[in-house]
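In: Got a sequence here, can you build the structure:
(2 chains, ligands or ions: 4)
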Amino acid sequence: MPADPDTAQAQDPPTTEPSGAVIRPAATLAALRRLAPYVRPHRRALLGSGAAALAATLAALVIPLVTRRIVDGPIARGDLSPLPWLVGGVLALGLAEAVLLLVRRRIVARPTTRIEADMRADLYSHLQRLPIAFHDGWPSGQLLSRAVQDLSTIRRFLAFAGVFLVVNTITALVGIAILGALSWLLGVAVLVVAVPLVALTLRLVRRYAVVARLAQDQDGDLATVVEESALGVRVLRALGRGRQITERFVAGARGLRRTELRKVRLQAALWCVLVLLPEAAIAIILAISAWGVATGALTVGTLVAAVTIMTYLYWPIASLGWLLTEAGNAAAATRRYWEVRDVAPAIVDPPDPVDLGPVRGRVEFRAVRFRHEGAEADVLRGVDLVVEPGETMALVGATGAGKTVLTSLVGRLADVTGGAVLLDGVDVRRLRLADLRTAVATAFEDPVLISASVRENVALGLPDASDADVWEALRVAGAAGFVEALPWGLATRIGEQGLSLSGGQRQRLALARAVLGRPPVLVLDDPLSALDVHTEAEVEAALRSVLGGVTALVVAHRPSTVQLADRVALLEDGRVTAVGTHRELLARNATYRDLLSSPDAERVGAA
Amino acid sequence: MSAGTTDVDLDWRGVGDDSEEVTRAAGLRLARSARRLVADLLRPRRPAVALALLILVVENAVMLTGPLLVALAVDTGVPAALDGRPAPLAWSVAGYAACGLASSGLRAAFLLLSGRIGQDVLLELRRRVFRQAQRLALEWHESYTSGRLISRLTSDLESIDDLLQQGLDGLLGALLSLAGITVLLLLIDPVLAGVVLAGFAPLALLTRWFQRRSRASYRLTRTWVARVIVQFVESMNGMRAVQAYRREARNESIMEQLNHRYRDANADALLTLSWFVACVRAVGNLTLALVLLLGALRVTSGALELGALTAFLLYLRRFYDPLDQLAQFMNAYQSAAAALEKLASVLETPIGVPEPAHPRALPVPVRGALAFDRVTFAYPRAPERVVLPEFSLTVPAGQTVALVGETGAGKTTLAKLAARFHDPVSGAVLLDGVDLRDLADADLRRALVMVTQEPFLFSGSLADNVAMGRPGASRAEIAAAVEAVGAGFAHDLPEGLDTDVRKRGGRLSAGQRQLVSLARVVLADPAVVLLDEATSSLDIPSERAVQAALETVLADRTALIIAHRLSTVAIADRVLVMGGGRIVQDGTPGELLASGGDFADLHAAWQDSLR
Ligand SMILES: Nc1ncnc2c1ncn2[C@@H]1O[C@H](COP(=O)(O)OP(=O)(O)OP(=O)(O)O)[C@@H](O)[C@H]1O
Ligand SMILES: Nc1ncnc2c1ncn2[C@@H]1O[C@H](COP(=O)(O)OP(=O)(O)OP(=O)(O)O)[C@@H](O)[C@H]1O
Ligand SMILES: [Mg+2]
Ligand SMILES: [Mg+2]
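Out: Ligands and ions are numbered 1, 2, ... in the order given. From the prediction side, this is the model:
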C-alpha cells in the first residue's frame, strides 16, 4: 500500500475549519445543547432509555458479584443448598438485562427518528422562507448534506452513542466505585492509571472534532458536484466533458478519503488509548490483589470479583473513544445545521401589514435602486415607471440591463435597496407576502419545472385548482394541444426540469402556471422567446384576451413580443429612459431601434 | 416497495416509468449483483484484507491469552506466592500487562488498515457509479433525476461506509473470537462447552428471521430517503417558482409525507434490531446461568478446578460480547446491502449509447459533412410517438443551415441525434460518411459541438466555465473566445474572468449565460457547430456580434442553427423549415421568401413589427 502523502500533516488542524479555532470539548457540549428544543419533548423517552441501559449494565455488573457468592460460598464450602437461589438470581438478572436492552432500544426508536424528521421538516420550511439571494449563494449540495447526512448522524448519536456516552461513563465510575468498596487500594490504583489516559483521550477528541467538520463539508461539496453533473449532463455530453467532470468528482472524493483517513487515524489512536486503560487496570488489579491474597489481606473471591468487574468494564471503557468521536460528529453536524437555521429570512411579512383588498393592479416603480449583495455598483439607479391598471407594459433593454432584477422586485423575490415598488399605491413591503404573491404571478425566463405531473407543475401553488381551470390556463398558454397528446395527459410525469419536453413546450407550461387563477398582475420575463411565429401569434391572441383586465409587465427581446404591449419602457443604464408605444419609440429613439431591428434581416428582405 | 406506496398520496408525481419496484425475483437478483459487486471491489485488495485478518487473528489470540493468565495467577501464582515463591505470580501479571499492550497496539493497527481498505473501496465505488452515470443515456437521467443520483452517491454510500467502519471489524472480530473461544471452552471443559454450543441453535433461527425482516425495512429506507432528497433538491433548485407561486405549504405537506415514510421505515428497522439484540442477549444469559449451575456441581464433585471455572466464566462473557457485535454487523450489513443493491442496479443499467469496440477514424482534417440517412426516431419513453419518420438530409461541409419550424417539430431532436445524445431507431447519422455509432466519443466531440437550448453553467469562475470548451486552453485563448462573442460584460465583473458565476451561473443574466455557452464553442473550434436557440435571450445587437464572431472564427465550418427569430436565421446559406418531423421547405433565404410559406411568414411578421 503506498504511503499516504498527508501522514505528516495529519497533525495540523485543517485550514478550512471556518472559525479556524480548535474545537474544545466544552464547544462540543455547547453545540449539542442546541439540540435541546428538539430533544426536550422526547426527553422522557431518552432518559428512560438511558435508565434502561444503565439498569441493564448494572444488572450485568451485579452478575459477577453473585458469581463471587457462588464461588466463595457453596463451592468453597461444598454446601450446595443456596446454589439454586443464587443461580436463580443470575438467571433473573440475565433475563432482566435482556428485557432492559429491548426496552432501551424500543423506546428510543420512534422518538429519535421523529427528532430527525422534525429537524428536517423545520430546516426545509426555513429554507423555503429564505430569499432567492441566499439560495443563489449556497451550493445545494451543502444544504442537502445538512438536511440528510447531518441529521442522520444526529439521530444515530441520540439513539445510541449519546445514551451510551452517559451510561458507559456512569458504568465505569460505578464499577470503579465497587472496586473501591471491595478494596480502596484497588480503586485508587485504577484512578491513577486512568488520569493520564483520559487527558490524552480528550486531546484526541478535540482534534477529531475539527476533522469531522471538514469531512462533512467535503461531503456536501461532493453532493454539489454530483448534482451539477446530473443537471448539466447535456452540456457535458455536448462538449464531451464527461471525463473532466469525473476527474473533478474523483478529486473531491479523494479529498474526502484523505479526511476520512485522518479520522481513522485519530480513531485508531483513541482505541489504542482506551483499550490500554482497562487492560492496564486489570494487570494492576491482578498484581495488587494477588499480593493481597498472598499476604492474607484479600480473599480469592475478591480477586476473582475484582478481575471480573474490570473485564465487564472493558467494553464500557474501550468504547468511550468511539462514542466520543460520535459525539464530535454529532456536534459538527448540529453546528452545520444551525448555521443555516440561524440565517434570518430577509424577506418577511411586515409587523403591521396593510390589507390589500380587491386589487386594481397599478404597479409603480418609484426611484427604485437595486444593488446585489456584495456588489460595488447599483444595477438599477433610480427606475421610475408606472404601469396603469389593465395596461400591458413591455420592458426592453440590452442583455444584462437589469430587466430580470426589475421583474423580481414586484413579487418581492428580492427587495429594493432604494426607492419603492408600489402596488395600488401601497409599498409592496407593507403587504403580506401571501397577499402580494397571490396578486402577482411571475413567469421566469427559464421555465422552472419539477419531475412531477403536468398538473402539479401548472398548479404549483394552487393544488386545489380544478382540472377545468388547469386546462383553461393551458389553453391560454397554447399548451393544451401538446398536453392532450401526452400519454397520460395531465397526469404524465415530465422529466427533471421538464427536459422530456421541447423548449417551447416547457415555456408554455410555465406560462400556463402564471395565468392560472387569473392574477391581477402578471410579470412575464421573456415568456415567448422559445416559440415560433405561429405559436407565438396564437399565444399572443389568447394572452390578449386574458390580459384585457390584467396589468402586465412583459420583458421582451423580440419585436413580435413587444407588439403584445400597450406601451414599451426602455431600460438603459439602470434607468427607464423612454416610455411610449412601439411605433413611437421606433421612430424617435435610436437605442430602441438598434435593440429591436436588424440590418441583416433587412438584407434578406432586399434579396 | 409497492407496500410502501399504496397508502400514501403520491398522485402529484404523475405517471411515469418507475424503475424502483422490487419483486421477489428481482430482489434476489439484486442481492446477487450486490454480492458480486462487493467481491469485485475487494478482489484487488486481497493482500490488505489478508493482512487485516492476520492482525485480527493475532489480536484475538492475545486477547484470549489474558483470561488464561488470570487463571494461571489465581491457580498457580497465588499458592506459590503463599509458599514464598513470587516469581510465577509476577510472570503471569507481567504477561497480562504485555498482552494488554499488544492488544491495544494491534487494535490500532487493524483499524488503520481496515479503515484504509474501507476508504479505498468507497472511493472506487464512488468513481464507478459516477463514471457510469456520466455514460448513461440522457433518457436515464431524465427519469432517474439528479436527486436520486445524489442519494446513491451520498446517503447510500454512507451506509456502506458504516458497514465498512464498524461492520467489518464486528464480523471478522466476532467470528474469530467465537471460534477461538469455542476451542478454549472445549479445552477447559467439554461438558460446559456443550451447553454453550447448544445455544447456537436458537441464535441461527433468530438471525434468519432478522435478516428477512430488516432487509425489507432497509430497502424502504433507501427508497424513501432518495425521494426525500429528490424533493429537497428540486425545491431548492426551483425556489424562485416555489416562492413566487406560494408553493411552500404544498411542498411542506409533500415533504412531510416523504419524511414520515422515511422515518417510519427507519423506526421499523430499529425496532426489528431491538428484538434481535435482546433475544441474543437472553440466550447468552440463559447459557451463563446454566453454566454456573452445572459448573458449581462439577467443581464440588471435583470434576473441575475452581480456577478453570473462573476462566470459563470469563471466556463466556467474552463469548457474548462479540455476539452483540455480530448483531450490529448484521444490522449494518442489511442496511448496506440495501444500498449496494441500488448501486449495483445503476452499475448494471445498460449504457444507451455505447462507444464502439473498434472505432473508425474520421478523415484528417475533418471536413464536417453531416448526413441523415432515412433516420427514424422515437423517444424510448414514448416509443409509439415517432418524432422523426424516415428523415433524410444532407448538409455539405462548410454550409450554414438555419432550421426553423413550429415548436415541438423535432428540431432539437434532430440536433441531439447529430450530437449522438441518442441513437436512431433505424437509419444512420453520418459525419463525413462515418456512422456516428462507429466513432470514438472523443473524436466525435472534437469534431462536433452542440450548444444546448438551455445554457448550463457550473459553479466556479467564468474562465473555468468557458474552458470547458477546451480543457487546457491558455488564459489568453479563453479571453480571446470571450472577446470574440462580444461578452464585454466580463470586463465589468469585479474579478473579471475569475469571477465566480455562482450556482447555475446565477451571478449572470440569462443573455450573459448564453454568451458564455457560445464562448465555449468558439474555444472548442469544432468542424461542425450545432446551435439550438443559442441566442434566443440575447438582444439583437449582441446577437449580431455573436454572428459576426461565428462567421469569422468559425468560417468554413458546418453550422446548423436552430432559431425562431428572423435576425438569427438571416445569415444562413440555406434555410430548412421543419414541420412534424419532416422538412417542409428547403432553399436559400431568398428562394423561400419568394415561394411563400413559413419563412415568408417569419419575414412578414418581422416587417410588420417594424411598422
Ligand atoms: N448575484 C449577483 N451579484 C452581482 N451582480 C449580479 C448578480 N446577479 C446578476 N447580476 C448582474 O446584474 C445585471 C442585471 O442582470 P439581469 O439578470 O437583471 O439582466 P437582464 O436585463 O435580465 O438580462 P438578460 O436580457 O440577459 O436576461 C447583470 O449585469 C448581472 O451580471
Ligand atoms: N426526452 C424526451 N423524451 C420524450 N419526448 C421528448 C423528449 N424530448 C422531446 N420530446 C418530444 O419530442 C417532440 C419534439 O421535440 P423537440 O425538442 O425536438 O422539439 P423542437 O422542434 O426543438 O421544439 P422547440 O422549438 O419547442 O424547442 C416534442 O413533442 C417533445 O415533446
Ligand atoms: Mg433576464
Ligand atoms: Mg428545441
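
In: switch to C-alpha atoms for all contacts and neighbour counts from now on
Out: Will do.

In: Show me which helix runs longest in the chain.
Out: Reading this off chain A. Longest helix of chain A, by residue count under DSSP state H: helix A:242-295.

In: To clarify, I was referring to chain B.
Out: Chain B, longest helix under DSSP H: helix B:248-300.

In: Do the next helix or strand after that one and chain A come into contact?
Out: Moving toward the C-terminus from helix B:248-300, the next helix or strand (DSSP states H and E) is helix B:306-348. Yes: using C-alpha under 8 Å from any C-alpha of the partner chain, we find that helix B:306-348 touches chain A at B:306, B:310, B:314.

In: For my notes, please list these in JSON lines and give neighbour count, pLDDT and distance to ligand 2 for each entry.
Out: Formatted as JSON lines, the residues of helix B:306-348 next to chain A follow (neighbours: other C-alpha atoms under 10 Å in any protein chain shown; pLDDT from 0 to 100; distance: C-alpha to the nearest ligand atom, whole Å):
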{"residue": "B:Leu306", "neighbour count": "21", "pLDDT": "76", "distance to ligand 2": "78"}
{"residue": "B:Thr310", "neighbour count": "25", "pLDDT": "76", "distance to ligand 2": "72"}
{"residue": "B:Leu314", "neighbour count": "23", "pLDDT": "72", "distance to ligand 2": "66"}
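
In: thinking again about what came up before, distance from the longest helix of chain A to the middle of the chain?
Out: Centroid separation for helix A:242-295 versus its chain: 30 Å, with C-alpha atoms, centre = their mean, to the nearest Å.

In: same question, stretch A:348-357
Out: Per C-alpha atoms, centre = their mean, the centroid offset for stretch A:348-357 relative to its chain is 30 Å.

In: contacting residues for residue 94?
Out: If you meant another chain, say so; for now it's chain A. Contacts of A:Gly94 were listed using C-alpha atoms under 8 Å, 6 or more residues apart in numbering or on different chains, and they are A:59-60, A:63, B:282, B:285-286, B:289.

In: switch to chain B, that's the one I care about
Out: Contacts of B:Ala94 by C-alpha under 8 Å, 6+ apart are A:Ala283.

In: which residues of chain B score low on pLDDT?
Out: Within chain B, the set of residues satisfying pLDDT under 70 comprises B:1-10, B:16-24, B:167-168, B:318, B:321-322, B:609-611.

In: domain assignment for it?
Out: Taking automatic domain parsing as the domain assignment, the ranges for chain B are B:189-350, B:370-609.

In: Quick one: those as TSV, columns for distance to A:His534 too.
Out: Putting the domains of chain B into TSV (distance: least, C-alpha to C-alpha, whole Å) gives the following:
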stretch	distance to A:His534
domain B:189-350	28
domain B:370-609	7
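
In: and of those, who's closest to A:Ala294?
Out: The minimum distance between A:Ala294 and the domains of chain B falls on domain B:189-350, with 16.1 Å, by C-alpha to C-alpha.

In: okay, how far is it across that closest one, tip to tip?
Out: End-to-end span of domain B:189-350 (C-alpha to C-alpha, to the nearest Å): 58 Å.

In: So what's the gap between that domain and the chain middle?
Out: So, by C-alpha atoms, centre = their mean, the centroid of domain B:189-350 is 25 Å from its chain's centroid.

In: Assign a three-state SS to A:Leu528, would you?
Out: At A:Leu528, secondary structure determined by DSSP: H, G, I helix; E, B strand; the rest coil is coil.

In: An error on my part: the question was meant for A:Arg43.
Out: Under three-state DSSP, A:Arg43 comes out as helix.

In: Tell me how many other residues surround it.
Out: A count of nearby residues for A:Arg43, using other C-alpha atoms under 10 Å in any protein chain shown, gives 14.

In: Could you measure from it over to A:Pro37?
Out: 10 Å.

In: Equivalent analysis for A:Leu501, please.
Out: According to C-alpha to C-alpha, A:Leu501 and A:Pro37 sit 45 Å apart.

In: the more surrounded of those two?
Out: A:Leu501 (16 against 11).

In: Do I have it right that the more buried one meets A:Ile494?
Out: Yes: if you go by C-alpha atoms under 8 Å, A:Leu501 and A:Ile494 touch, sitting 7.3 Å apart.

In: ok, back up a step: please identify which of the residues of helix B:306-348 next to chain A is nearest to ligand 4.
Out: Checking those against ligand 4 by C-alpha to the ion gives B:Leu314 as the nearest, at 75.0 Å.

In: how close does the closest one sit to ligand 1?
Out: 67 Å (C-alpha to the nearest ligand atom, to the nearest Å).

In: do A:Val428 as well
Out: Look at A:Val428 and ligand 1: by C-alpha to the nearest ligand atom, they are 19 Å apart.

In: Thought A:Leu436 was touching that residue, still the case?
Out: Yes: at 7.1 Å, A:Val428 and A:Leu436 qualify as touching, with contact defined as C-alpha under 8 Å.

In: so what sits against both of the two?
Out: A:Gly411.

In: the more surrounded of these two?
Out: A:Val428 (26 against 22).

In: and that one, backbone torsions?
Out: phi -60, psi -20 (degrees, to the nearest 10).

In: what's the answer for the one 3 residues further on, then?
Out: With angles defined as degrees, to the nearest 10, A:Leu431 sits at phi -100, psi 160.

In: Just the pLDDT for it.
Out: Per-residue confidence (pLDDT) for A:Leu431: 94.

In: now swap in the one 5 residues further on and tell me
Out: In this prediction, A:Leu436 carries a pLDDT score of 94.

In: Equivalent analysis for A:Arg341, please.
Out: A:Arg341 is given a pLDDT of 95.

In: surely it meets A:His126?
Out: Yes: the pair A:Arg341 and A:His126 passes the contact test of C-alpha under 8 Å, sitting 6.8 Å apart.

In: Checking whichever residue of the stretch 201-350 of chain B sits closest to ligand 3 next. Helix, strand or coil?
Out: Ligand 3 sits closest to B:Arg240 of the stretch 201-350 of chain B, with a gap of 13.7 Å, by C-alpha to the ion. Following three-state DSSP, we place B:Arg240 in the helix state.

In: same thing with A:Trp338?
Out: helix.

In: State the number of residues packed around it.
Out: 15.

In: Check whether stretch A:533-548 comes near ligand 2.
Out: No: counting by C-alpha under 6 Å from any ligand atom, ligand 2 is not contacted by stretch A:533-548; separation bottoms out at 9.8 Å.

In: Tell me the buried residues in that stretch?
Out: A:533-537, A:539-544, A:547 (16 or more other C-alpha atoms under 10 Å in any protein chain shown).

In: out of those, which are inside helices?
Out: Within the buried residues of stretch A:533-548, residues falling in helices by DSSP H are A:533-537, A:539-544, A:547.

In: Let's have the residues you listed in TSV, adding pLDDT and distance to B:Thr499.
Out: Listed next are those as TSV, based on pLDDT from 0 to 100; distance: C-alpha to C-alpha, whole Å:
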residue	pLDDT	distance to B:Thr499
A:Val533	78	38
A:His534	81	40
A:Thr535	85	39
A:Glu536	84	37
A:Ala537	83	40
A:Val539	87	39
A:Glu540	83	39
A:Ala541	85	43
A:Ala542	86	42
A:Leu543	84	40
A:Arg544	81	42
A:Leu547	74	40
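
In: A:Trp549 belongs to a helix, doesn't it?
Out: No Trp there; residue A:549 is Gly. No: looking at A:Gly549 with three-state DSSP, it is coil, so not inside a helix.

In: tell me the contacts of whichever residue of the stretch 51-200 of chain B sits closest to ligand 1?
Out: The stretch 51-200 of chain B approaches ligand 1 most closely through B:Ser146 (24.3 Å), counting by C-alpha to the nearest ligand atom. Applying C-alpha under 8 Å, 6+ apart to B:Ser146 gives the contacts A:226-227, A:230-231, A:496, B:230, B:233.

In: for A:Ser502, same thing?
Out: Contacts of A:Ser502 (C-alpha under 8 Å, 6+ apart): B:407-408, B:412.

In: Next, it: phi, psi?
Out: Dihedral angles (degrees, to the nearest 10) for A:Ser502: phi -80, psi 160.
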